[in-house]
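> Fold the following.
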Amino acid sequence: MQRRSQKEAGAYYTPDLVVTSLIQWVVQHAQDRMLDPSCGDGRFIAGHRYSVGIEQDGEAVRQAITRAPWARVYEDDFFTWASTTNERFECAAGNPPFIRYQSFKGEMRDRALRLCSRLGTSFTGLTSSWAPFLVVASSLLLPGGRMAFVVPAEIGHAPYAAPLLEYLITRFAAVHVVAVRDKFFPELSEDCWLLYAEGFGAHTTEICLSVLDAFGPMSAPPRSCIKVSVREWREAWNRRLRPFIMPAAALELYREAALHPQTRRFGEVASIGIGYVTGANDFFHLRPSEAALWGIPEAFLHPTVRNGRALPPRRLTVTTVEMWCRNDEPVLLLRLPKRTDVPISVRKYLDTEAGQRARAAYKCRMREPWYAVPDVQVPDFFLTYMSGLESNLVRNEAGCTCTNSVHSVRMRDLSVAAHLVTAWESPFCKLSCEIEGHPLGGGMLKLEPREANQIVLPSPGVLARLNATILKEAITTMRTWRHYASES
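Numbering: from 1, shown residues only. Model (predicted):
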């Protein structure tokens with residue numbers, strides 16, 4: 001069998017100072033048995049003599065045995081091993097593989113989710129691999145057991161991580177998340193935090209969150225922490241911890257503004273969704289010179305926004321579109337209705353070699369007719385999907401459409417549009433985008449449609465009373481944590 005790449009396997013090995021610290025967190029007695037459910041080359045099991053490691057990569061198993069000859073190392077899929085073992089442990093520690101849901105599939109994923117379901121936790125199909133690893137590893141602990149793991153920072157905001165935390169708070173006396181701003185793995189875009197839980201078999205009504213700029217060696221979890229009540233985490237923050245990296249004053253201000261009776265969410269005043277999907281962008285987006293060469297009538301061409309980088313600030317005007325056309329940019333969407341006689345000139349273009357390739361593309365061959373791009377809309381505003389400094393809301397004065405690289409915003413009530421434009425430029429709404437969105441690699445801010453729906457829009461009166469200094473400080477904090485300030 002071909003060996004998976006490091007990225008495919010989610011195998012990035014942990015710095016020694018983190019390994020040593022996490023082992024010290026969980027091992028209370030020299031005779032404690034420690035489990036590493038994905039031991040890799042044996043870094044964790046080498047740190048404690050009474051260790052058991054599970055690893056499915058044969059080469060990594062050989063390295064682990066060499067590094068920790070006293071440990072028991074099983075070459076197996078962890079979920080297969082866990083479903084049949086009778087072994088139990090005082091503690092568990094490690095760095096579980098982070099394989100995103102697109103690659104976490106097949107029999108391994110099915111086994112993992114079935115096992116988690118039997119343990120009382122249901123994950124969606126968008127779950128990354130590390131979360132089931134932690135659920136199953138915790139189930140192998142003895143009463144009172146402890147665990148400490150390196151986890152993706154997504155534990156602070158990703159919806160798929162919420163069932164994991166729900167599981168932990170109902171089965172451990174204490175759950176402690178350590179948010180660390182500096183990267184453990186500089187070569188990766190993914191940020192990592194730490195998770196510690198103790199007292200297996202009990203439950204808790206709060207989650208402890210420690211916020212650190214950098215991680216240094218420590219023999220126990222940080223004493224200083226924010227105690228987030230489970231109720232507040234669920235009801236006020238949509239089961240997210242990431243907002244708590246803000247200063248406390250900003251957190252309270254944001255919460256009060258969000259709960260004000262005159263405040264509305266973006267999704268209440270507008271419908272927010274992705275733009276169209278062609279299935280073959282290069283074929284369906286023409287330059288004006290190409291459209292003229294083929295003699296394609298203007299009635300079948302619609303100016304479009306291909307990506308957020310093309311958008312100017314605040315307003316997209318006819319003048320901007322005319323500039324795109326003068327520059328002969330590929331901004332004309334071939335927009336053909338489903339039931340229309342296609343002119344000969346268009347038919348010739350469809351029958352080109354490029355057209356033959358396009359109709360064979362998956363999205364194209366799955367629709368009838370293949371050349372009719374669905375869901376082409378003319379929104380009132382565009383909203384950038386991924387942004388650097390800040391999310392850009394742009395009024396569509398040019399009547400353009402957009403691809404799925406940009407969000408399409410259609411107002412439910414056009415009378416609200418003027419206030420929306422004003423509110424969007426306020427520090428509060430800039431902060432709301434940071435809180436409701438989430439960081440992406442390279443310092444980018446990503447706003448999914450479901451996240452954009454939650455952006456908070458206070459009334460003009462509420463906006464005027466908010467402390468701009470507190471808000472701007474919080475914005476800086478959030479951008480620094482997604483590494484925008486340091487990488488831009």
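> Contacts only, for the nearest residue to residue 265 once chain neighbours are set aside.
Leaving aside its chain neighbours, residue 265 sits nearest to residue 454 (5.7 Å; criterion: Cβ to Cβ, 6 or more residues apart in numbering). Where C-beta positions appear, they are placed from N, C-alpha and C, glycine not excepted. By Cβ atoms under 8 Å, 6 or more residues apart in numbering, the contact set of residue 454 is 238, 265, 266, 267, 436.
> how much space between residue 454 and residue 446?
Remark: distance between residue 454 and residue 446 (Cβ to Cβ, to the nearest Å) = 14 Å.
> Next: residue 205.
32 Å.
> Those two - which one has more neighbours?
residue 446 (16 against 9; other Cβ atoms under 10 Å).
> Got phi/psi on that one?
For residue 446, the backbone dihedrals (degrees, to the nearest 10) come out as phi -110, psi 140.
> Got the confidence number for it?
The model reports residue 446 with a pLDDT of 95.
> So what sits opposite it in the bridge?
Bridge pairing for residue 446 (DSSP bridges) gives the partners residue 386, residue 438.
> Surely it touches residue 386?
Yes: assessed by Cβ atoms under 8 Å, residue 446 is found in contact with residue 386 at 5.1 Å.
> Can you pull the residues that touch both of the two?
Both residue 446 and residue 386 are in contact with residue 440, where contact means Cβ under 8 Å, 6+ apart.
> Identify all contacting residues around the helix or strand harbouring residue 62.
Here residue 62 is covered by helix 58-67, with elements defined by DSSP states H and E. The contact list for helix 58-67 (Cβ under 8 Å, 6+ apart) reads 3, 11, 39-43, 45-46, 53, 55, 71, 73, 75.
> Show me which positions of that helix end up buried.
60, 61, 63, 64, 65, 67 (16 or more other Cβ atoms under 10 Å).
> before we move on, what about stretch 393-401?
Buried-residue list, stretch 393-401, by 16+ other Cβ under 10 Å: 393, 394, 395, 396, 398, 400, 401.
> Could you turn the buried ones of the contacts of residue 454 into a PyMOL selection?
Selection of buried members from the contacts of residue 454 for PyMOL, criterion 16+ other Cβ under 10 Å:
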select buried, resi 265+266+267+436
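> got the contacts of residue 454 as CSV, with secondary structure and distance to residue 172 columns?
Formatted as CSV, the contacts of residue 454 follow (DSSP: H, G, I helix; E, B strand; the rest coil; distance: Cβ to Cβ, whole Å):
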residue, secondary structure, distance to residue 172
238, coil, 22
265, strand, 33
266, helix, 36
267, helix, 35
436, helix, 29
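> Can you tell me which of the contacts of residue 454 is closest to residue 330?
residue 266 (30.7 Å; Cβ to Cβ).
> So that closest one sits against residue 391, correct?
No: with contact defined as Cβ under 8 Å, residue 266 does not reach residue 391; the gap is 10.7 Å.
> give me the low-pLDDT residue ranges for the protein?
1-13, 99-105, 485-488 (pLDDT under 70).
> longest single strand anywhere in it?
strand 141-152 (DSSP state E).
> Check which helices and strands that one sits against.
If you count contacts as 3 or more Cβ pairs under 8 Å, 6 or more residues apart in numbering; DSSP states H and E, strand 141-152 packs onto helix 16-26, strand 89-94, helix 130-138, strand 192-200.
> residue boundaries of the helices in the stretch 101-250 of the chain?
Along the stretch 101-250 of the chain, the stretches classed as helices by DSSP state H, counting those that start in this stretch are 106-118, 130-138, 162-169, 230-235, 248-259.
> Looking at these, which one is packed in the most?
By mean neighbour count, with neighbours taken as mean count of other Cβ atoms under 10 Å, helix 130-138 ranks first of those at a mean of 25.
> Report all helices and strands that it contacts.
helix 78-82, strand 89-94, helix 106-118, strand 141-152, helix 162-169, strand 192-200.
> for the second one, the distance to its chain's centre please.
Taking Cα atoms, centre = their mean, to the nearest Å, one finds strand 89-94 lying 28 Å from the centre of the chain it belongs to.
> Adjacent strands (with direction) for that strand?
According to DSSP bridges, strand 89-94 has these partners: strand 34-36 (parallel), strand 141-152 (parallel).
> could I get those strands as CSV with mean neighbour count?
Shown next, in CSV, are the strands paired with strand 89-94 (neighbours: other Cβ atoms under 10 Å):
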stretch, mean neighbour count
strand 34-36, 29
strand 141-152, 22
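> Quick one: closest of those strands to residue 254.
strand 141-152 (24.4 Å).
> now the angle from that closest one to helix 130-138?
Relative orientation of strand 141-152 versus helix 130-138 (axes from the mean of the first three to the mean of the last three Cα atoms, to 10 degrees): 160 degrees.
> How about residues contacting strand 141-152?
14, 18, 22-23, 25-26, 28, 88-96, 98, 128, 130, 134, 137-138, 158, 184, 190-201, 221.
> List buried members of those residues by neighbour count.
14, 18, 22-23, 25-26, 89-96, 98, 128, 130, 134, 137-138, 158, 184, 190-200, 221.
> you'd agree residue 55 is up against residue 73?
Yes: in this structure, residue 55 is within contact of residue 73 by Cβ under 8 Å, at 6.6 Å.
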